[in-house]
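In: give the three-dimensional model of this entry:
(one chain, ligands or ions: 1)
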Amino acid sequence: MSRAPLPLPVLHATHAGIWLLEAAEAEAREASRGEAIGRLAETPHILLNAPVAGQRLGYGDVSGLDLLELFAFIHPARFAVPTVDGMARAVGLAEPTNDAEATALLRQIAEELLAGMADKNWPEREGAWSANQTLWRLGWGWGPFVAERLQKPERGERMLFSRLGQWEESGERPAPLTVSIPGDDAEARLESLTGSGSETRAGQRAMARESAAIFAPRPKPGEPNMLLAEAGTGIGKTLAYLAPASLWAERAGGTVWISTFTKALQRQLDGEGWKIVPDADARKKRIVIRKGRENYLCLLNLEDAMQGGFSGRAAILAHLVARWAAYSKDGDMVGGDLPGWLPSLFRRAGATALTDRRGECVYAGCPHYRKCFIEKAERAGREADLVIANHALVMVNAARGRPDAPSRIVFDEGHHLFDAADSTFSAALTGREAIELRRWIVGPENKSRGRRRGLAARLLDVASYDDKGGEALEAAVEAARALPSEGWLSRIAENDPFGPVERLLGEVRGTVYARAKAQEAGYGLETELAEPDSALIAAAASAMEALDSLARPLAALSRRLEAVIEDAPDWLDSAARARVDGAINGLNWRRETLASWIAMLGRIGSSADPDFVDWLAIDRVEGREYDVGLHRHWLDPTRPLAKAVLEPAHGVLVTSATLRGSEDWVRAEERTGAAHLARPASRFEAASPFDYSANSEVLIATDVARGDTAALAGAYARLIEASGGGTLGLFTAIARLRSVHARIADRLARAGLPLYAQHVDPIDTGTLVDIFRDDPHASLLGTDALRDGVDVPGESLRLVVMERVPWPRPTVLHAARRLAGGGSAYDDRVVRARLAQAFGRLIRRQGDFGSFVVLSSAFPSRLLSAFPQGVAVHRLPIDEVVERVRARSAGNGSGETVAKLDEAPVIE
Ligand code: SF4
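Out: Prediction:
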């Protein structure tokens, strides 16, 4: 097939300018915003990432021939950084040296991608022709160009649903054997994992030995072997615990759960798997990633979307997702092999509706049950040696007493255990939560996107078989109509609520507006649940009655379903049984939620429970309300953590580079739940081998005035210029982040220093980090999530800038914990932990270097203990801070140039 050049114009928009390339020309030219918008409206242009281009043009709804969509079609489930450089590399072209070149390159990349379809070894060929026929019909811009170059296959292509493999039924796995792992064996395994000749790391070896002890038989029920291990960055803690864990799993025939907080570490652990099981096929069985079910593609939802459930752009997304699903390793749509940027190209239209977010799964009633990604992952996890999961899933499985609740657990990123427990064991009776419960029971009221059915439809056959079950189901559906329905938010805003729960939410809203102290303009409002007025008390009592009337039939239904399982009728084959089991699980989960709501309402007007912190809140974004409700958190969430997760386990290791930080071990025991166990946890620590004092320094600017956004933006711009990019900028307020970004992004882009920002760029956080990691000249601004979750070793991150001391937000929850935790000393501990985390982004591996800058002169000296010992701290005017950053960058971190600067007088 001949290869004709693409007769298409190109548009490339960055913060530095806008470039156009005409269809018949080879050289791009700069254009004005107005011209570019006009041209786009006339003719479809090739562009890269339409939402980003639209934002650069200041024109929301840009459409065109998006190169990223073409890439996702031709190479589904392949990773590529969604920048011109990243795309060029993905197709084997050289990276451009300027924006005009980049513009021309976009067309070349498109041509290369399309030409690649002629390669007879193109691995993702199957399904492409059929998918393109449908996409073309749906109006996908690339459709005709793909069709022109893609030959119709000689034989009919297999549909997605016939391509996917099935899981096999297997018997229950026997309980693990009782074996101990001697320290010598753990060390020997570590050696085989690291490979002979690798540098001997004493800390790593010691940690492997100590970690082995958690696999010994526990002495008593409720008393797990627990180890708290603070392992400084760079000691190689991952292999130190994987060595004994993999050994125990092999010898005992059991599963060890490795739990992380961030997806980045989950991915990194998955990447280490080959060291433990070199054979790829065996590895798939023995090391399994598990996430919450809301992360995975639901094939039934996808089928519904492809068969008319979705329309317009959402339907195009569904077909691109179907292309991906056929090649995906595990169907994980969030952080798996679906490019994180794909859903954002469609402004997330429909992506979440393709997952099973709210438990509408019909299990064995689903035609794809045997191919379902969620079922596959769950089953694979039961047979695996190592399950790589996250804290939330481990806690939820343990708390719900699931059969696959983990008995041997390694919590990596253990400093997040407290926060993970805090959200897992909390309750929220809000409008959004309540309407979801209503939909789960009643079904959707209007014609809405996706396949959603009510409980009655899902349990039709059981209800018709069992009269009492049918009655309970009917009663539950009737009672659920008292919950909020579509339009609840505007009804309560207009003081026209419908039903007891909406009335309650109306009272909550009124109380919050009357009492709350305004926080960051336009964002959340809250007030403690104290001294409620009579209207709120009365509304809570009626809402409680309504919820109770719902809880009773749900409990009866659950009992009837259990009876059906016990006294199995003929038609209850294993598939139907799985479906009833699934329904019981779903019901129990909702019943627990209802019980927590009822308990929370029961406290309104009576005395407070000292174990809990309750408050009322209105959630808002930029002044727009999107939820209203009541919240309850444990004052100390490690109590339910210890009860539900730690006590039932046999062995638990909690590890982190900053588990203890500058505090004593007692704090680490309090934050991990170890303090609530009858038997004390063992302790281990190994210091980082990195020379922080030679490779890093802390610089506190003394003259950037608080509240002067222009000065703040100026400081950021100068620092980023001085380090030549490679900067992670951390903010404590979104509004300030946005105004700094708006002031400096264009200026930096013109200097060849692209600036990306969370809450500004229409790109998901994971992709922003990928882009940042990929380009040593790029910088990234963000808030909390970046402080903890960015693992960017090497040159791409050499400067961290914090605009202010990250004091905790003065929320109701924080005030309660502060009071219980020693007042300002509690705040200091929180801030030190945050600073240690932020500093930790800087030096990730041997050879890394960088500066840590704080742009706030009000930085108390007592917080300096957050930084590693020996790191120099200088309080300097911003001019000198900039010079030091420039010097460290120029000296490649050797500290040589900085040493010279040290000879100058330093203002302390
Ligand atoms: S079994 Fe459930 S989650 Fe899986 S595809 Fe079917 S409905 Fe979706």
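In: which residue comes closest to residue 207 once chain neighbours are left out?
Out: Nearest residue to residue 207 in three dimensions, chain neighbours excluded: residue 240, at 3.8 Å (CB to CB, 6 or more residues apart in numbering). Using the backbone N, CA and C atoms, a C-beta is placed for each residue, glycine as well.
In: report the contact partners of that neighbour.
Out: Listed by CB atoms under 8 Å, 6 or more residues apart in numbering, the contact set of residue 240 reads 190, 204, 205, 207, 208, 211, 231.
In: please report phi then psi for it.
Out: Residue 240 adopts backbone torsions of phi -60, psi -40, taken as degrees, to the nearest 10.
In: who in this protein is up against the ligand?
Out: By CB under 6 Å from any ligand atom, the residues of the chain that approach the ligand are 298-300, 356, 361-363, 366, 368-369, 372, 374-375.
In: just the buried members of those?
Out: Buried residues within these, defined by neighbour count using 16 or more other CB atoms under 10 Å: 298-300, 356, 361-363, 366, 368-369, 372, 374-375.
In: just curious, which of those is nearest to residue 551?
Out: Relative to residue 551, the closest of these is residue 361; by CB to CB it sits at 22.2 Å.
In: pLDDT added to the buried ones among the residues of the chain next to the ligand, as JSON lines?
Out: Rendered in JSON lines, the data for those read as follows (pLDDT from 0 to 100):
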{"residue": "298", "pLDDT": "95"}
{"residue": "299", "pLDDT": "95"}
{"residue": "300", "pLDDT": "92"}
{"residue": "356", "pLDDT": "86"}
{"residue": "361", "pLDDT": "83"}
{"residue": "362", "pLDDT": "79"}
{"residue": "363", "pLDDT": "81"}
{"residue": "366", "pLDDT": "85"}
{"residue": "368", "pLDDT": "92"}
{"residue": "369", "pLDDT": "90"}
{"residue": "372", "pLDDT": "95"}
{"residue": "374", "pLDDT": "93"}
{"residue": "375", "pLDDT": "91"}
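In: got TSV for those residues, with secondary structure and distance to residue 619 too?
Out: Formatted as TSV, those follow (DSSP: H, G, I helix; E, B strand; the rest coil; distance: CB to CB, whole Å):
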residue	secondary structure	distance to residue 619
298	coil	27
299	helix	33
300	helix	31
356	coil	24
361	coil	28
362	coil	31
363	helix	33
366	coil	34
368	coil	35
369	helix	36
372	coil	33
374	helix	29
375	helix	34
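In: gap between residue 137 and residue 143?
Out: Residue 137 sits 8 Å away from residue 143, going by CB to CB, to the nearest Å.
In: look at the two and report which has more neighbours.
Out: When residue 137 and residue 143 are compared for neighbours, residue 143 comes out ahead with 19 against 11, by other CB atoms under 10 Å.
In: the more buried one and residue 136 touch, don't they?
Out: Yes: Residue 143 is in contact with residue 136 according to CB atoms under 8 Å; the separation is 2.9 Å.
In: so where is this structure shaky, pLDDT-wise?
Out: Counting by pLDDT under 70, the chain shows low-confidence ranges at 1-4, 196-200, 348-349, 403, 446-452, 518-522, 789, 891-908.
In: quick one, phi psi at the residue lying closest to residue 333 once chain neighbours are set aside?
Out: Nearest in space to residue 333, with sequence neighbours left out and distances taken as CB to CB, 6+ apart, is residue 297 at 5.3 Å. Listed backbone geometry of residue 297 is phi -70, psi 130, with angles given as degrees, to the nearest 10.
In: so residue 297 touches residue 334, yeah?
Out: No: Residue 297 is not in contact with residue 334 according to CB under 8 Å; the separation is 10.0 Å.
In: identify the contacts common to those two.
Out: With contacts defined as CB under 8 Å, 6+ apart, the residues adjacent to both residue 297 and residue 334 are residue 355.
In: give me the more crowded residue out of those two.
Out: residue 297 (26 against 19).
In: contact partners for that one?
Out: 321, 325, 328, 331, 333, 338, 354, 355, 373.
In: try 10 Å
Out: Contact analysis of residue 297 by CB atoms under 10 Å, 6 or more residues apart in numbering lists 321-322, 324-325, 328, 330-334, 336, 338, 351, 354-356, 372-374.
In: quick one: which of those sit in helices?
Out: Using DSSP state H, the members of the contacts of residue 297 that fall in helices are 321, 322, 324, 325, 373, 374.
In: in the stretch 801-908 of the chain, which residue sits closest to the ligand?
Out: Scanning the stretch 801-908 of the chain for the residue nearest the ligand gives residue 813, at 34.0 Å (criterion: CB to the nearest ligand atom).
In: element containing that residue, please.
Out: In the assignment (DSSP states H and E), residue 813 maps to helix 812-820.
In: does anything pack onto that helix? Which helices or strands?
Out: Secondary-structure packing of helix 812-820 (3 or more CB pairs under 10 Å, 6 or more residues apart in numbering; DSSP states H and E): strand 525-528, strand 612-621, strand 624-634, helix 824-840.
In: what is the neighbour count of residue 665?
Out: Counted with other CB under 10 Å, the burial measure for residue 665 works out to 16 neighbours.
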